[in-house]
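**Q** with the sequence up front, the predicted model follows.
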Amino acid sequence: MTISEQASAGTTRAGTWGELLGRGHLGAMAVLAGGVALYAINVYVTISLLPSAVADIGGERLYAWNTTVFLLASVASAVLVGKLLAGSGSRQAYLIALGVFGIGTLICAAAPTMPVLLLGRAVQGAGGGLLAGLGYALIRAALPAPLWTKASALVSAMWGVGTFVGPALGGAFAEFGSWRGAFISLFVAAALLAVVVPRALAGARAEAKAEPFPLVALLLLASAALVVSVASVIATPLVSVLGVLAGLALIAAFVFYERHARVRVLPAATFRGGSRLRWIYATIAVLAMSSMVEAFIPLFGQRLAALAPLAAGFLGAALALGWTAGELPSASASRAVTIRRVIIAAPVVVGIGLVLAAVSMRADPGGWLLALWVLAFLLIGAGTGIAWPHLSTLAMSSVSDPLEGQKASAAINTVQLVANSFGAALTGLAVNLGEPDTLRAAHYLFGSFAVLGVLGLVAAVLSQRRPD
């Protein structure tokens, strides 16, 4: 009986935090969590220092592309996780991921212009996509099934580390006029993590097979995000509508192609009639998309509330803080009925947070209004956090075949990154349509993204149907 079947029967045994962080698993968890922490810190460092970088090297019109390029490269590399594991093994694969990330970070540190910075962000994204994908794939390989939920929560909770370290690091370097130093510090952190990988992952044996590169599927996914990204930069009403429609059409083409392809990005079970896996991934995708509003929160904080870069960075980090605060206690839930209710409630909480953000946006807000902003961002993050570890475990345990199970685990990250890249493009589209009026841009962003709460609720309800 798989965990998914046990959950349906209400018999799931949840492992303890003591088991997860005991001597047998501590090393592997430190590396897997450390890799995601590095990824998360990079995201928040970049978000908080981008306004300063733009002031130094120019390229404000390309602001939204910093996130989009990073995520597009992450998507492209994420689908290589299985191939990399099959060819290199767990330790070597992780070291390769850290190396690529480090090279991209050095390019960012030396960038004289925005196009060069975007190149560095693309290389960073390729390494980050591998790190995040290996984080989920190796949970299944390195740990017993009862620990998967807490391991997923701990790995994902590293975004909370990024919440504090990223804005503090980026904001501090930005305020002292040395935004490049933040990237140099990330390179040093990646090098230190690489030193401990060989010993920590010595016992992780991932079952993976080398498959042909899913070129057509990847091109469809990347094209969908790219089309919407171009529309977000041009940002005229006609081009925007056409871009979104074209992006949705390409996503539909991807789904159709995956259903009939011999080499897939998603596991075969995703497309079986009675499987819940498609709706689990759909719920993950909607929640991941909603989190992308955080990319513009520091910008709104600086322009609307006149916050310093450091304070604006922490304002943006409220969303990730809510994510972590929601998921750590939620990961201890073991009763099937509780888990189902949490997953269904998650998009509702996210939707409430987005609506609250939309209605509370004002120029020159007072203290109480800023408190409402923080509450809204916390709700958006918490809604995602309470469901994330359970959705991850359901996806990882949805199939009994080890090789397909490995693909199902790695696909969590792929789905998240695709949703993030599409969400990043949509956030850029909404903001650019509202510019040069920053307040209008904020209303467009949070108001339009509130629709995701409804879409997420539908997907979450369908994901909790009993499997056939």
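**A** Received, thanks. Numbers count the residues shown, from 1 in each chain.

**Q** so, low pLDDT: which residues of this protein?
**A** 1-14, 64, 163, 203-211, 229, 232-236, 402-403, 405-406, 467-468 (pLDDT under 70).

**Q** farthest out from the centre of it, which residue is that? Tell me.
**A** residue 366 (31.7 Å; CA atoms, centre = their mean).

**Q** so residue 65 sits right up against residue 115, yeah?
**A** No. In this structure, residue 65 is not within contact of residue 115 by CB atoms under 8 Å, at 9.6 Å. For the C-beta atoms, the positions are set from N, CA and C on the backbone; glycine is no exception.

**Q** anything in contact with each of the two?
**A** By CB atoms under 8 Å, 6 or more residues apart in numbering, residue 65 and residue 115 have no common neighbours.

**Q** which one's more surrounded, those two?
**A** The neighbour count for residue 65 versus residue 115, taken as other CB atoms under 10 Å, is higher for residue 65 (24 against 12).

**Q** before we move on, the earlier item: got phi/psi on the residue farthest from the centre of the chain?
**A** phi -80, psi -180 (degrees, to the nearest 10).

**Q** who's in contact with stretch 433-449?
**A** In contact with stretch 433-449 (CB under 8 Å, 6+ apart) are residues 235, 237, 240, 289-290, 293, 296, 299-300, 303-304, 354-355, 357-358, 361-363, 376, 426-427, 430-432.

**Q** only the buried residues of that stretch, if you could.
**A** 433, 434, 438, 441, 442, 443, 444, 445, 446, 447, 448, 449 (16 or more other CB atoms under 10 Å).

**Q** stretch 102-118 too?
**A** Within stretch 102-118, the residues that count as buried by 16+ other CB under 10 Å are 102, 103, 104, 105, 106, 107, 108, 109, 111, 114, 117, 118.

**Q** now for the helix or strand containing the first one, which elements pack on it?
**A** In other words, residue 102. Per DSSP states H and E: residue 102 is located in helix 81-110. On a contact count with 3 or more CB pairs under 8 Å, 6 or more residues apart in numbering; DSSP states H and E, helix 81-110 meets helix 26-57, helix 114-142, helix 179-200, helix 402-434.

**Q** contact partners of whichever helix or strand comes after the first one?
**A** Following the chain from helix 26-57 toward its C-terminal end, the next helix or strand by DSSP H and E is helix 65-78. Identification of contacts with helix 65-78 by CB under 8 Å, 6+ apart yields 46, 50, 100, 117-118, 121-130, 132-133, 218, 221-222, 225-226, 229, 232-233, 292, 295, 410, 413-414, 417-418, 420-421, 424-425, 427-428.

**Q** what's the helix or strand for the closest residue to residue 434 other than its chain neighbours?
**A** In this structure, residue 434 finds its nearest non-sequential neighbour in residue 441, 2.9 Å apart by CB to CB, 6 or more residues apart in numbering. Following DSSP H and E, the helix or strand that holds residue 441 is helix 438-449.

**Q** for stretch 387-407, measure first residue to last.
**A** Stretch 387-407 stretches 21 Å from its first residue to its last (CA to CA, to the nearest Å).
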